[in-house]
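# structure for the following, please:
(2 chains)
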2 protein chains.
Amino acid sequence: MTENNKENYPSDSAGRQMTAKIPLAKPEETLFDVEKRLRERKAEYETINYIYVIDDREILVGVASIKDIFRWPKEKRVKEIMKTKLVTASPFTDQEKVVNLALAHNLKAIPVVETGRILGVVLSDKIISILNREFHEDILHFSGISKARLEYENTLSVPLLQGVRHRLPWLIIGLFGGIGAAQIMGFFEKIISQNLILAFFTPLIVYLSDAVGTQIQTIFVRDLAIRNHIFSLKRYIAKQFSITFLLALICSILFSIAASLIWQDFYLSLVVGIAIFFTLISAVLIAILIPFLLFRLGTDPAFGSGPSATILQDILSVVIYFSIASLML
Amino acid sequence: MTENNKENYPSDSAGRQMTAKIPLAKPEETLFDVEKRLRERKAEYETINYIYVIDDREILVGVASIKDIFRWPKEKRVKEIMKTKLVTASPFTDQEKVVNLALAHNLKAIPVVETGRILGVVLSDKIISILNREFHEDILHFSGISKARLEYENTLSVPLLQGVRHRLPWLIIGLFGGIGAAQIMGFFEKIISQNLILAFFTPLIVYLSDAVGTQIQTIFVRDLAIRNHIFSLKRYIAKQFSITFLLALICSILFSIAASLIWQDFYLSLVVGIAIFFTLISAVLIAILIPFLLFRLGTDPAFGSGPSATILQDILSVVIYFSIASLML
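As a prediction, this is how the structure comes out:
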């Protein structure tokens, strides 16, 4: 077991985050033997919280905690006290999934095995730092803040121009997205000039479809990262679609009732209500299909989420809204 | 040291998250004494990774790791091997700040002290679970998903109607916010009908000011939670204002140039460009002042952020945009 080959594993994999400096033991050894070795080789180990038990072929067969080593009489054998129900990761497992394993099983460290052989262990400090980094990545990404080094921005210590540079890219793209949306609204100039009130509902349409899209993609991108191929995409889309269908139905009915009371124009309220329904439904497509396509293409699905999806959604919503209005009015 | 009085501390405090089941030692004890006690009382301790060293008044004076206990000859005294540079929290410290301490100093556990006396320790598994919970809280909050229990929503296992209920509240509020925005645009009906193209830029104005606002508030709400009273609000606002000022300037100039090339109407492009500048500046107010006021009123500043701030920002942007257009056209 060496540290040398860690670079062979993909970045963000368990193989990259593991340490091989862990105490090992054989099942037949006594606790006295183990303790003696812990004492002699203490400098070699990064942690002695857990002792990993391997057979002659280096296959991981159990784990004992340092507390267990203390707890039992020294003449006991390791195999008598070790736990054999093991939660392990492969060296190619995504680091986010390693964190998820630790959280799901309430473990402080996750052993990394390949065809049964132990290669190393991802320790609790690594798990904390991965969790923290993933957290920053997601939060900053969804807020449209891009950073080369993914530390949380401390506003007071970041140089002014750097603060500007971190926040500018998505605004520029949003600016051109907005210009595109304005040009598209231009195509509908006639219907808008005949029914000026239609234009008044653009902030509403844009807000609602963005909000639904953000809700879906936040959960979807995360599920893709953590669960990967495990879940059935068909069932997943069906579930998200059902939830969004109900949300869209509730919102459009509520809107139609409120708007016809306020503006006393039932037909117009119905037209906008129907447009709300279809723009919200379209949010499922943007929020699931784009990250999914990127994922299938091998790109990080997070790239297709956050601000980029919001800008796309804005343009699509404008197209759908005014197309429906043109058809119905 | 008892576990009984944990309930006296506020929820989400270090006092609530700590365990008192930790090994203690006196500075004059030998490592032999310590090891003997670890062995005898093993069942009492939740972890034996660190041994906390206290004087006769229970004042925390140092810490030794289990590895140190092994590393040195048994006749050494605890005071000879213990580290005396300590990172501690008070029982009233917010749990998010405890996580921050652990991350900043790369520690697996944080001792909790009051007037120097050790009350307990927040362990790494608690730190991982706090970090994970805060992560979910923030991500779900900013995505407009409300949940009673803050676990990550697993879309396939959440019942359909529950999935709807988690996502509906902010959409309804957004719906009525959008109706408000439409009514406000109605006040400007005359200027809009005379310059229909003004209406085409509402998605752009709304997107950009929301995006800037989300960037600011994401960082600000987090800074409030972690740094609390430590930072100077005046300097903070000044810095955020400077960054936003530059962003607003760049966006409005870029827009004016692009729009006058596309629509060949320099004066209109200038009017909308100026409106972009002021709506982006207004985002600083919404994103900082509202969370800050809530914070001063003792409410969780997170309530004033996310979707609620976005809806407020949308309405304010519409008011500012059409007011400027009315004044200048």
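# can you pull out the strands in the stretch 151-300 of chain A?
Listed in chain order, the stretch 151-300 of chain A contains no strands at all (DSSP state E, counting those that start in this stretch).
# any stretches of it with poor pLDDT?
Along the stretch 151-300 of chain A, the model assigns pLDDT under 70 to residues A:151-154, A:225-231.
# switch the cut-off to 90
A:151-163, A:165-166, A:170, A:216-239, A:285-300 (pLDDT under 90).
# so who does residue A:34 touch?
Neighbour list for residue A:34: A:23, A:25, A:51, A:64, A:69, A:78 [criterion: C-beta atoms under 8 Å, 6 or more residues apart in numbering or on different chains]. C-betas here are computed from N, CA, C, even on glycine.
# which residue in the residues you listed has the weakest pLDDT?
Of all those, residue A:69 has the smallest pLDDT value, namely 84.
# tell me the contacts of the residue nearest to it when sequence neighbours are not counted?
With sequence-adjacent residues excluded and distances taken as C-beta to C-beta, 6 or more residues apart in numbering or on different chains, residue A:69 is closest to residue A:31, at 5.4 Å. With contact set as C-beta under 8 Å, 6+ apart, residue A:31 has these partners: A:69, A:72, A:73, A:74, A:75, A:76, A:77, A:78, A:81.
# and the first one, how close does it get to residue A:83?
This points to residue A:69. For residue A:69, the distance to residue A:83 (C-beta to C-beta, to the nearest Å) stands at 13 Å.
# how many residues are close by the residue of the stretch 51-200 of chain A found nearest chain B?
Taking C-beta to the nearest C-beta as the measure, the point where the stretch 51-200 of chain A comes nearest chain B is residue A:178, at 2.6 Å. Neighbourhood size, residue A:178 [other C-beta atoms under 10 Å in any protein chain shown]: 27.
# just residue A:10 next, same as before
For residue A:10, the neighbour count with other C-beta under 10 Å is 13.
# correct me, but it touches residue A:92?
Yes. Counting by C-beta atoms under 8 Å, residue A:10 touches residue A:92, with 6.6 Å between them.
# excluding covalently adjacent residues, which one is nearest to residue A:270?
residue A:256 (5.6 Å).
# cool, and residue A:187?
Spatial nearest neighbour of residue A:187, excluding adjacent residues (C-beta to C-beta, 6+ apart): residue A:322 at 7.8 Å.
# just the buried members of the contacts of residue A:31?
Buried subset of the contacts of residue A:31 (neighbour count, 16 or more other C-beta atoms under 10 Å in any protein chain shown): A:69, A:72, A:77, A:78, A:81.
# the closest residue to residue A:19 other than its chain neighbours: which element?
Excluding the flanking residues, the one nearest residue A:19 by C-beta to C-beta, 6+ apart is residue A:46, at 4.8 Å. Under DSSP states H and E, no helix or strand contains residue A:46.
# and the nearest residue to residue A:311 once chain neighbours are set aside, what does it touch?
Once flanking residues are discounted, residue A:311 sits nearest to residue A:177: 3.7 Å by C-beta to C-beta, 6+ apart. Residues in contact with residue A:177, defined by C-beta under 8 Å, 6+ apart, are A:311, A:312, A:314, A:315, B:204, B:207.
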